[in-house]
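Chemist: Output the structure for:
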Amino acid sequence: MRISRSASLVVILICALGVLQAESFRVRSITPVSVSSQHSEGSTVELGYNDAIAISLDKPPLFLKGLEVEVKIPRDLSSFRNSMAWGLYRSISPNPAPSIIDYQGEQISLQPLPSRLSFVLQIPLRKGHGLKDSPYSTVITSIQSLNEPLIFRLLPIMKGLPESIETLKFTVRIKPLLADEGAFQLQIHWPEGKEKPVVVRIDEALIDKPSQLLFLAPGTHHLSIVSEDFRNEVRVFSVETARITEMVVELQDTVPRLFVSAPENTHILLDSVPLDLGKKGFPLEPGDHEIIFRVGDYELKRMITAEKGRDYTISMQIDLEVVESP
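Modeler: Purely as a prediction, here's the structure:
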């Protein structure tokens with residue numbers, strides 16, 4: 001198949017006028033590629049002289065600040081400098097699919113391939129992306145939407161190219177550019193029927209909506225949950241780049257609790273009421289309490305002053321001490 005002379009002239013005219021508007025175009029083939037922040041190595045595709053890639057993003061597109069398109073140019077193309085171009089398009093119609101070759105889209109950029117063996121194109125996806133042009137990479141000036149696919153295509157812009165150019169293969173790698181951040185997802189569980197306001201801080205900063213996904217710098221962070229109605233909770237957690245750290249905190253009410261450990265066959269009385277050692281944690285009313293341990297004829301008494309929000313553990317141990325006399 002020969003390259004159409006009229007099609008080449010149209011492309012040349014577009015480049016010369018710098019038209020940035022919706023246009024119709026046809027590709028020889030199109031390859032769908034999905035980009036995810038969880039696969040930082042990206043995807044590699046081989047393209048021919050008039051092929052394209054449809055780039056879509058996993059939902060939700062967390063941690064992405066941009067996309068990178070790295071193109072390796074065949075050495076044989078060096079004899080035909082400025083013979084081909086790359087184009088980037090958005091607002092694509094119809095929805096890209098391998099069975100469709102005719103599209104309409106808004107042209108973001110159309111540039112000749114550079115006269116070297118590779119180049120890198122970076123596409124920002126958010127404000128404050130920090131991407132900058134360099135001798136080896138070009139940054140698209142406009143920020144692109146995360147909610148629609150993009151098409152990256154290769155196309156001829158010179159007439160009279162040999163048929164052998166149809167067999168050339170360009171290696172194109174599409175990969176995510178990750179922001180230096182992770183996320184933290186907090187779930188707070190209240191005692192049944194007792195959901196009341198709490199104050200949540202992370203690294204001493206007040207968090208107004210703690211149930212929402214919070215983006216944080218990688219590293220160690222400190223969580224505190226404070227309330228007059230529940231016990232204060234303090235946690236330390238770590239956040240990794242491009243990862244979500246999840247945490248569930250079960251709030252406890254401020255009723256004091258008593259935990260008891262004693263040998264078998266020990267009878268225990270709390271304020272004259274027998275305790276069931278099969279249970280873990282006995283609720284206490286704030287104030288003074290008497291606990292009695294009885295093993296046979298042996299009895300031991302202790303007093304406990306319980307305060308709100310505190311737990312108490314009493315352990316009874318029976319031991320024998322053997323002393324050797326001289």
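
Chemist: what mean pLDDT does whichever helix or strand residue 69 is part of have?
Modeler: For residue 69, the host element (DSSP states H and E) is strand 64-72. For strand 64-72, the mean pLDDT works out to 95.

Chemist: before we move on, what about stretch 268-276?
Modeler: For stretch 268-276, the per-residue pLDDT averages 87.

Chemist: so how many other residues sit close to the nearest residue to residue 48 once chain neighbours are set aside?
Modeler: Leaving aside its chain neighbours, residue 48 sits nearest to residue 28 (6.1 Å; criterion: Cβ to Cβ, 6 or more residues apart in numbering). Heads up, the C-betas are built off the backbone N, CA and C, glycines and all. Neighbour count for residue 28, taken as other Cβ atoms under 10 Å: 16.

Chemist: contacting residues for residue 28?
Modeler: By Cβ atoms under 8 Å, 6 or more residues apart in numbering, the contact set of residue 28 is 48, 49, 50, 51, 101.

Chemist: Now neighbour count and secondary structure too, for the residues you listed, in TSV please.
Modeler: Listed next are the contacts of residue 28 as TSV, based on neighbours: other Cβ atoms under 10 Å; DSSP: H, G, I helix; E, B strand; the rest coil:
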residue	neighbour count	secondary structure
48	16	coil
49	20	coil
50	21	coil
51	20	strand
101	14	coil
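
Chemist: Where does confidence bottom out across the residues you listed?
Modeler: At the low end of pLDDT for the contacts of residue 28 is residue 49, which has 88.

Chemist: returning to that earlier point: what comes up buried for the strand holding residue 69?
Modeler: Buried residues in strand 64-72, counting neighbours by 16 or more other Cβ atoms under 10 Å, are found at 64, 65, 66, 67, 68, 69, 70, 71.

Chemist: bridging residues for residue 299?
Modeler: Beta bridges link residue 299 to residue 294, judged by DSSP bridges.

Chemist: Can you tell me how far it is from residue 268?
Modeler: 11 Å (Cβ to Cβ, to the nearest Å).

Chemist: Show me what the closest residue in space to residue 22 that isn't next to it in sequence bridges to in the sheet.
Modeler: What sits nearest to residue 22 in space, not counting adjacent residues and going by Cβ to Cβ, 6+ apart, is residue 106, at 5.0 Å. Using DSSP bridges, the bridge partners assigned to residue 106 are residue 22, residue 90.

Chemist: neighbours around residue 35, how many?
Modeler: Neighbourhood size, residue 35 [other Cβ under 10 Å]: 21.

Chemist: show me the contacts for it.
Modeler: 42, 43, 55, 56, 57, 58, 64, 67, 174, 175, 176 are the contacts of residue 35 under Cβ under 8 Å, 6+ apart.

Chemist: if we can go back for a sec, now for the strand holding residue 69, which elements pack on it?
Modeler: strand 118-124, strand 170-178 (3 or more Cβ pairs under 8 Å, 6 or more residues apart in numbering; DSSP states H and E).

Chemist: The first one: which residues count as buried?
Modeler: I take that to be strand 118-124. 119, 121, 122, 123, 124.

Chemist: which of the residues you listed sit farthest apart?
Modeler: Greatest spatial distance among the buried residues of strand 118-124 (Cβ to Cβ): 119 and 124, at 17.1 Å.
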